[in-house]
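Trainee: With the input below, show me the fold.
(chains A, B, C and D)
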2 protein chains.
Amino acid sequence: MELLSGKWKMQIIGTLLRHGTMRFMELKRTLNGIAPKKLSKDLHELEMNKLITRTVKNTKPITVEYSITEHGRTLDGLIGEIIDWGLTHRQTIIG
Amino acid sequence: MELLSGKWKMQIIGTLLRHGTMRFMELKRTLNGIAPKKLSKDLHELEMNKLITRTVKNTKPITVEYSITEHGRTLDGLIGEIIDWGLTHRQTIIG
DNA sequence: GAAACCGGTATCCTCGAGGTAACTAACAGG
DNA sequence: CCTGTTAGTTACCTCGAGGATACCGGTTTC
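Mentor: Model prediction:
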């Protein structure tokens, strides 16, 4: 739970699962509103947990690519179930 | 995610799933270290989300019983899967 | 030379989670 | 009376998450 806690980590995982490999700025723009400091910090934490990889490309303006690892992909089903439960829960509370 | 976030809510759910109906002090003693203020607050939040029920018994010193609702029980499997993933994850990181 | 894009880092701030401790009202037993 | 148990409430404090803003070195474009 702890390593998915916080406001952004699940969204980062989800975004990378949907989009595949992404650059730093690309993530920042997709995750609307995240501060670069937070994005940087969360990416490092996710990398330390082997959920994503960080690859520096020596292109003209240096770019950095992030993508989900095999291990990170095992979270996919779990996240889906959590979302499903959440949707059902809303119906239970409202209805 | 939000309604299971925090240090204690999952532990409260888990304890009630294992023990069935429990009184306030019983929960406080089982969840070693929780402040009564926090227990009270979290119980109210869980009750508002219809995950647990609160029943006041008019015994000699008034007692209050808490137990999981049917809706709360639907979390059982999900929590189990989260724990399983967490255990596998530890192996992945350590090994 | 100026501006803009890249991937960040540095600094400052706010706000809420959660801990500690003391207190309360009602009742029971000694 | 006095103490203990019940289920909390109140007041105070700390600490870290996360937001806002500015900045940096490198490189390309104008």
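Trainee: Return the residues of chain A in contact with DNA strand C.
Mentor: Chain A comes close to DNA strand C at residues A:23-26, A:35-37, A:40-41, A:43, A:54, A:61-64, as judged by C-beta under 7 Å from any atom of the strand. Where C-beta positions appear, they are placed from N, C-alpha and C, glycine not excepted.
Trainee: Now with 10 Å, please.
Mentor: Residues of chain A lying close to DNA strand C (C-beta under 10 Å from any atom of the strand) are A:5, A:22-29, A:35-41, A:43-44, A:54-57, A:59-66.
Trainee: and the gap between A:Gly86 and DNA strand C?
Mentor: Going from A:Gly86 to DNA strand C by C-beta to the nearest atom of the strand, to the nearest Å gives 18 Å.
Trainee: typo on my end, it should be A:Trp85
Mentor: Distance from A:Trp85 to DNA strand C, counting by C-beta to the nearest atom of the strand: 20 Å.
Trainee: Could you export the helix or strand that contains that residue as CSV, CA atoms only?
Mentor: Assessed by DSSP states H and E, A:Trp85 sits inside helix A:75-94. The C-alpha trace of helix A:75-94 is given here as CSV (Å, rounded to 0.1, in the frame of the first residue of the first chain):
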residue,chain,number,x,y,z
LEU,A,75,0.0,-4.3,-10.8
ASP,A,76,-2.3,-3.8,-13.8
GLY,A,77,-4.9,-6.3,-12.8
LEU,A,78,-4.9,-5.3,-9.2
ILE,A,79,-5.4,-1.6,-10.0
GLY,A,80,-8.2,-2.5,-12.3
GLU,A,81,-10.0,-4.4,-9.5
ILE,A,82,-9.5,-1.5,-7.1
ILE,A,83,-11.0,0.8,-9.6
ASP,A,84,-13.9,-1.6,-10.2
TRP,A,85,-14.6,-1.9,-6.5
GLY,A,86,-14.5,1.9,-6.2
LEU,A,87,-17.1,2.3,-8.9
THR,A,88,-19.4,-0.3,-7.3
HIS,A,89,-18.8,1.4,-4.0
ARG,A,90,-20.0,4.7,-5.3
GLN,A,91,-23.3,3.1,-6.5
THR,A,92,-23.7,1.5,-3.0
ILE,A,93,-23.2,4.8,-1.2
ILE,A,94,-25.3,7.0,-3.6
